[in-house]
Structures are given as C-alpha cells and as structure tokens.
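[1] need a 3D model of the sequence below.
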Amino acid sequence: MLEGLIPRLRVGTVYDIDLDLLQDKGYKGIITDLDNTLVGAKDPLANPKLEAWLEEVKRRGFKLVIVSNNNEHRVAHFATPLDIQYVHAARKPALKAFHKALRLMELKPEETIVVGDQMLTDVLGGNRMGMFTILVQPIAIQDEGWTTRINRRIERIVTARLRRTGKWHEED
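    Predicted coordinates:
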C-alpha cells in the first residue's frame, strides 16, 4: 500500500538531477511542481540559477510543464515569463492534471518524469500514472501552508514505517 509513495529517485534539489542519464533512458518530458520544488513557496519568480537550469532542460529537448496545486495567478506569474506551460489548481494526487500535462507535451506516461517535494501529491500522482518520480528536498518549509504541513507530518510517519520494513534507505 505504501509503495505508491516511494519515489524512484531522491535528490537534494532539481540541480542534482542527472539530465544525461534520464535522456539516455528515453525520457522526453518533465512535469514539475512549483512551490518548494523550483522555488520557495513565497518566491514569486525564478532566480538566475533556476532560469539557467530550466533553459538547459529545454535546450536538451525535454518538454516541460509545471503542475501545481496553487492558484492560477501564482503559477501563471511564475511560468509565463519563462515560457513554460502550466496546469494550476491541479488537486494532486488526482490524475486529471497529470493527464492534461501529458496532453500538453504530447507524451506518454512512460516517457515522462515527475519532480516534486511531496510524497502525498507529486510522487503518489506520478507513480499512479506510471511515470518516473523524483522527490526533491523542500526549499523553504517555513513558508508552507497548513495543508502542506499536515502532509509533511503524514510523510514522516510513512517514511518511518518504510524504514522499518526495509523499503526506505537513507543512502538512496
């Protein structure tokens, strides 16, 4: 039951993702969360380092869509200057937004990566779709809303249980 919450890969930040390896494995698209994955929840725009990383993702030929549970104003304000498509008010882990992102990229789930900072939204939704899931460490936990704080508590319980059953290793 808890296996759906286990990401295929865990990294510190998006900058730690090995784009060469993923490209070599045939992945063509990246669905990424916004808040606490790309920037802190209160950061309105991308910083220069993130802008460069996103440009590198595009330069390599990856299609890119931001899928966020946040409102349209927040997501559009961030994504539009970067010329990135987005899906707002996604209600992750519900699958409708993931399906929409796949349609925008014209890709299949097995060609797509999901990157996010939450097991209960990004990882669960991506795994349910059969995508390659990458969990990043959240950027600014102190800026999270109350629903995300509840999710974090549940994640700690789940992670502890996965450790006890040998399904979650710190060296991953």
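[2] where along this structure do the strands fall?
    Using DSSP state E, the strands assigned to the chain run over residues 9-11, 29-32, 63-67, 85-87, 112-116, 132-136.
[3] of all those strands, which lies closest to Lys96?
    When the strands of the chain are compared by CB to CB, strand 85-87 sits nearest Lys96, at 8.9 Å. Any C-beta I mention is one placed from the backbone N, CA and C, and that applies to glycine too.
[4] buried stuff in the closest one?
    Across strand 85-87, burial judged by 16 or more other CB atoms under 10 Å covers 86-87.
[5] stretch 65-77 now?
    Going by 16+ other CB under 10 Å, stretch 65-77 has these buried residues: 65-70, 74-75.
[6] low pLDDT regions in this structure?
    Filtered on pLDDT under 70, the chain yields the residue ranges 1, 171-172.
[7] the longest helix in it is where?
    Once the chain is assigned using DSSP state H, the helix that runs over the most residues is helix 146-164.
[8] what angle separates that one from strand 132-136?
    On the basis of axes from the mean of the first three to the mean of the last three CA atoms, to 10 degrees, helix 146-164 is oriented at 110 degrees to strand 132-136.
[9] who does helix 146-164 touch, helix- and strand-wise?
    Contacts defined by 3 or more CB pairs under 8 Å, 6 or more residues apart in numbering; DSSP states H and E place helix 146-164 against no helix or strand at all.
[10] how about that helix: buried residues?
    Within helix 146-164, judged by 16+ other CB under 10 Å, the buried ones are 148, 151-152, 155, 158-159, 162.
[11] any chance of JSON lines for these, columns distance to Arg91?
    Output for the buried residues of helix 146-164, formatted as JSON lines (distance: CB to CB, whole Å):
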{"residue": "Thr148", "distance to Arg91": "14"}
{"residue": "Asn151", "distance to Arg91": "13"}
{"residue": "Arg152", "distance to Arg91": "18"}
{"residue": "Glu155", "distance to Arg91": "18"}
{"residue": "Val158", "distance to Arg91": "20"}
{"residue": "Thr159", "distance to Arg91": "23"}
{"residue": "Leu162", "distance to Arg91": "25"}
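[12] show me where this protein has its helices.
    Using DSSP H, helices in the chain cover 19-24, 48-59, 72-79, 96-105, 124-129, 146-164.
[13] could you give the angle of the third one to strand 63-67?
    Note on geometry: by the same axes, to 10 degrees, helix 72-79 and strand 63-67 are set 150 degrees apart in direction.
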